[in-house]
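A.B. asks: Sequence and predicted structure, then a few things I'm wondering about:
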Amino acid sequence: MYAEEIKVVILGNSGVGKSSIMMRFVKDEFSATQPTTMGAAFMSKIIKTNDNQFKFQIWDTAGQEKYKSLAPLYYREARIGIVVYDITSLASFGVLKTWITELQKQGPENLILAIVGNKSDLQDKQEVPYEDAMNFAKQVDALFELTSAKENRGINDLFMKLASKIEQQKIQNSMKKNVSSQSFAVNSNQHNKQGSCPC
Ligand SMILES: Nc1nc2c(ncn2[C@@H]2O[C@H](COP(=O)(O)OP(=O)(O)OP(=O)(O)O)[C@@H](O)[C@H]2O)c(=O)[nH]1
């Protein structure tokens, strides 16, 4: 079956677990000593839903401040933006908000947004209240998921939800196309009627 390519970008503060999420999703691996990303890293994986197959092309960006200016290269043509915070770091949630603002202002139109609270295995050290993150996600119309790359929680759910969001978007787009081609047909019919007046 044909697999449509979907460009995904992962953004967020350094150390929140972006690479770990990608590694868990693509390779089902986790490293407690995951090295910091320099520039960006890339991996791909095919996701199957009931009706479709998507090839997710995942760009894991570097969270360190010195790489910040490179981010537009990766999000410019993305269909999905995953922005990650670490539930044990209020500062990382602040950084997430600035990424969301940047994506809304400068990101591509119709970008599907997901807000991800990673390290959910460290609940005893939680600094970011669940409700705050979920309400913020609602406010900016983003999917919301709590994950643990370490314990493999929430990561497959996240990507499956994103795949079904892509499917919804495709249905909406084809409905829009149908409506506009129908109104074109109505308009040209009216035009033809006027043009073919025998009087
Ligand atoms: N306890 C716990 N640790 C995690 C989890 N995910 C990642 N880590 C650890 O957090 C540290 C940073 O993870 P990375 O995946 O390198 O974070 P990053 O966001 O890619 O960081 P940069 O490459 O610097 O932007 C590593 O030591 C990981 O092992 C998780 O779900 N739970």
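C.D. replies: That came in fine, so what should we check first?
A.B. asks: looking at the chain, which helix or strand does the model trust least?
C.D. replies: In the chain, the helix or strand scored least confidently by mean pLDDT, DSSP states H and E is helix 155-195, which has a mean of 80.
A.B. asks: Can you pull the residues of this structure lying near the ligand?
C.D. replies: Taking Cβ under 6 Å from any ligand atom as the contact definition, the chain meets the ligand at 12, 14-20, 31-32, 34, 36-37, 62-64, 118-119, 121-122, 148-150. Glycine gets a C-beta too; all of them are placed from N, C-alpha and C.
A.B. asks: Now, these that are in strands?
C.D. replies: 12, 118 (DSSP state E).
A.B. asks: what helix or strand is D141 on?
C.D. replies: Assigned by DSSP states H and E, D141 falls within no helix or strand.
A.B. asks: Pull the contacting residues for it.
C.D. replies: L113 (Cβ atoms under 8 Å, 6 or more residues apart in numbering).
A.B. asks: What separation is there between it and the ligand?
C.D. replies: 24 Å (Cβ to the nearest ligand atom, to the nearest Å).
A.B. asks: so which strand or helix has M134?
C.D. replies: Assigned by DSSP H and E, M134 falls in helix 130-139.
A.B. asks: can you list contacts of that helix?
C.D. replies: 85, 93, 97, 115, 117, 143-144, 146.
A.B. asks: Quick one, which of these are buried?
C.D. replies: For the contacts of helix 130-139, a burial check counting by 16 or more other Cβ atoms under 10 Å picks out 85, 93, 115, 117, 143-144, 146.
A.B. asks: Next, format those as JSON lines and append pLDDT and secondary structure.
C.D. replies: Output for the buried ones among the contacts of helix 130-139, formatted as JSON lines (pLDDT from 0 to 100; DSSP: H, G, I helix; E, B strand; the rest coil):
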{"residue": "Y85", "pLDDT": "98", "secondary structure": "strand"}
{"residue": "F93", "pLDDT": "98", "secondary structure": "helix"}
{"residue": "I115", "pLDDT": "98", "secondary structure": "strand"}
{"residue": "G117", "pLDDT": "98", "secondary structure": "strand"}
{"residue": "L143", "pLDDT": "98", "secondary structure": "strand"}
{"residue": "F144", "pLDDT": "98", "secondary structure": "strand"}
{"residue": "L146", "pLDDT": "98", "secondary structure": "strand"}
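A.B. asks: Pick out the most distant pair among those.
C.D. replies: Across these, the longest distance by Cβ to Cβ is 16.4 Å; it joins F93 and L143.
A.B. asks: contacting residues around L90?
C.D. replies: 127-128.
A.B. asks: gap between it and G12?
C.D. replies: 14 Å (Cβ to Cβ, to the nearest Å).
A.B. asks: Could you do K177 as well?
C.D. replies: Taken as Cβ to Cβ, the span from K177 to G12 is 35 Å.
A.B. asks: Please apply the same query to R24.
C.D. replies: 15 Å.
A.B. asks: ok, now S148?
C.D. replies: Where G12 is concerned, S148 sits at a distance of 15 Å (Cβ to Cβ).
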